[in-house]
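> After the sequence you'll find the predicted model.
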Amino acid sequence: MAFAAQYTALIIMAVLCYGEFAVVQSLLPAPSVALWQRFGLALAGLGLSTLGYALFLIWRGRSVGPEFSILALATHLAFVVVYLNYDTQLLPQKCRAGWCPPTCCFMWALS
């Protein structure tokens, strides 16, 4: 029962996030939308490769080693650093809410 509840919560969160992005996307210029799509594909690739490796290890009956954990952490941190370098192009200042200071997006990505 708890397993189904977790997936239901994830689906609801995904729908809410898509709804919020649809509102922001209507304000973004075309280059920013293209950049969002590239970052989304890169993050999906990271997630699918991690899932694929975990399923492979489960199939082989092994546990995840510390080497993979460190590599995955470094890769995801590199993704966040690259994301932060493109912060102003992903969400230009004219599209940000007046109450949202420039550091707000940095803090969101790091949390």
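Cool, the structure landed. Numbers count the residues shown, from 1 in each chain.
> and P92, what does it touch?
Taking C-beta atoms under 8 Å, 6 or more residues apart in numbering, we find P92 in contact with 28-29, 32. All C-beta spots, glycine's among them, are computed from the backbone N, C-alpha and C.
> Any chance of the backbone angles for it?
phi -60, psi 160 (degrees, to the nearest 10).
> What ranges does this structure have for its helices?
Secondary structure of the chain (DSSP state H): helices located at 2-25, 30-60, 66-85, 87-90, 102-110.
> Report the buried residues of the fourth one.
The reference is to helix 87-90. Buried residues in helix 87-90, defined by neighbour count with 16 or more other C-beta atoms under 10 Å: L90.
> Next one: I70 from L48, what distance?
Distance of I70 to L48, computed by C-beta to C-beta, to the nearest Å: 20 Å.
> What's the ChimeraX syntax to select whichever of the contacts of P92 are buried?
Those of the contacts of P92 that count as buried under 16+ other C-beta under 10 Å are selected in ChimeraX with:
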select :28,32
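> and which of the contacts of P92 is nearest L84?
Lowest distance from L84 to the contacts of P92 (C-beta to C-beta) belongs to S32, with 15.3 Å.
> show me the contacts for that closest one.
S32 makes contact with 89-92, 95, according to C-beta under 8 Å, 6+ apart.
> what's the closest of the residues you listed to R38?
Of the contacts of S32, the one sitting nearest to R38 (C-beta to C-beta) turns out to be L90, at 10.0 Å.
> quick one: that closest one and G40 touch, right?
No - the criterion here is C-beta atoms under 8 Å, and L90 misses it with G40 at 10.8 Å.
> Contact partners for G47?
G47 neighbours (C-beta under 8 Å, 6+ apart): none.
> Quick check: the gap between it and L10.
From G47 across to L10, the span is 13 Å (C-beta to C-beta).
> hey, what's in contact with both of these two?
Common neighbours of G47 and L10, counting by C-beta under 8 Å, 6+ apart, are absent.
> winner for burial among the helices of the chain?
Counting by mean count of other C-beta atoms under 10 Å, helix 87-90 has the highest mean neighbour count of those, with a mean of 15.
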